[in-house]
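Enquirer: Here's my sequence, what's the structure:
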Amino acid sequence: MEETKPQAGPATWRIILAFLLDFFTAFFVLGFAVASVTGGRTEEGFQLNGLPALVLFALIIAYFIVFNRFLGGTIWKRILKAQR
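Expert: Next up, the predicted model:
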């Protein structure tokens, strides 16, 4: 009888790095999108307060939920092969 070893998941550093890169990518891309729509763009980038900041926060959470649940992993998880 052959013994099967459990498959090891991705390295922890890959998972953490993928999360950080996904968060910053989503923050800047979605932040610029929300700022462009709501008039929060500045010379230095964007500034969001109140409802636009809340919308950005909700979009970042939605990014992680939609990509992980329905699209097989976030962008950086796929690039770094950090999917479980």
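Enquirer: average pLDDT across the helix or strand residue 63 falls within?
Expert: Assessed by DSSP states H and E, residue 63 sits inside helix 51-70. On average, the pLDDT along helix 51-70 is 96.
Enquirer: Then stretch 40-48?
Expert: 93.
Enquirer: what does the helix holding residue 63 contact?
Expert: By Cβ atoms under 8 Å, 6 or more residues apart in numbering, the residues outside helix 51-70 that reach it are 22-23, 26-27, 30-31, 34-35, 38, 40, 48, 73-75, 77. For glycine as for every other residue, the C-beta is placed from the backbone atoms N, C-alpha and C.
Enquirer: Buried among the residues you listed? Need that as a selection in PyMOL.
Expert: Buried members of these, defined by 16 or more other Cβ atoms under 10 Å, are picked up in PyMOL with:
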select buried, resi 22+26+30+31+34+35+38+40+48+73+74+77
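Enquirer: any idea how far the residue most central in space within the chain lies from residue 51?
Expert: With distances taken as Cα atoms, centre = their mean, the residue of the chain nearest its centroid is residue 22 (3.3 Å). For residue 22, the distance to residue 51 equals 24 Å [Cβ to Cβ, to the nearest Å].
Enquirer: Out of the contacts of helix 51-70, which comes closest to residue 13?
Expert: The closest of those to residue 13 turns out to be residue 77 (Cβ to Cβ; 13.0 Å).
Enquirer: Please identify the helix or strand for that closest one.
Expert: helix 75-79.
Enquirer: how far does that helix sit from the chain's center?
Expert: When distances are taken as Cα atoms, centre = their mean, to the nearest Å, helix 75-79 is centred 9 Å away from the chain's centroid.
Enquirer: hmm, who's touching that helix?
Expert: With contacts defined as Cβ under 8 Å, 6+ apart, helix 75-79 is touched by 15, 17, 18, 19, 21, 22, 25, 67, 68, 72, 82, 83.
Enquirer: Cool, thanks, signing off.
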